[in-house]
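# return atomic coordinates for the entry below.
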Amino acid sequence: MAVSSFPTQTSNWTPLIDLVGRDFAQAFMFVGNFGDIMIYRHCTTRCYLNVHISTGQTYRYCGDQCYLPIAPEMAIANALGQCVCAEGKGETASQRIES
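Sure, this is the predicted structure:
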């Protein structure tokens, strides 16, 4: 019988706690990471909050493994299911982080 091995990821809560505080961070689950971007999902809304591990910059997932920087307030609102649109807020293609 073949056994599959999946890479393990250690959860890192520091970027989220620094952004929203310890109490509010309890409403999230750690999903994984994309490079230096930590990915958290809100337990109720099931929406994501993406935070850079060292800078605290927040990102919106654009599809096809692409993340665009957005303001922390917008990222938090999106995670709460408020679907704030980040279009037209000064992001450029050169600011994208892609694999």
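# where in this structure is pLDDT low?
Under the criterion pLDDT under 70, the flagged ranges of the chain are 1-8, 83-99.
# where do the strands sit along it?
In the chain, the segments counted as strands under DSSP state E are 28-34, 37-42, 48-52, 58-63, 66-70, 97-98.
# which one of the ones you listed has the most crowded surroundings?
Counting by mean count of other CB atoms under 10 Å, strand 48-52 has the highest mean neighbour count of the strands of the chain, with a mean of 22. Heads up, the C-betas are built off the backbone N, CA and C, glycines and all.
# now it and strand 28-34, what's the angle there?
50 degrees (axes from the mean of the first three to the mean of the last three CA atoms, to 10 degrees).
# need the contact partners of strand 48-52.
With CB atoms under 8 Å, 6 or more residues apart in numbering as the test, strand 48-52 has contacts from 15-16, 19-20, 28, 31, 34, 36-42, 57-61, 67, 75-76, 78-79.
# would you mind listing the residues in contact with Phe28?
Here Phe28 is in contact with 16, 40-43, 49, 79 (CB under 8 Å, 6+ apart).
# appreciated, that's everything.
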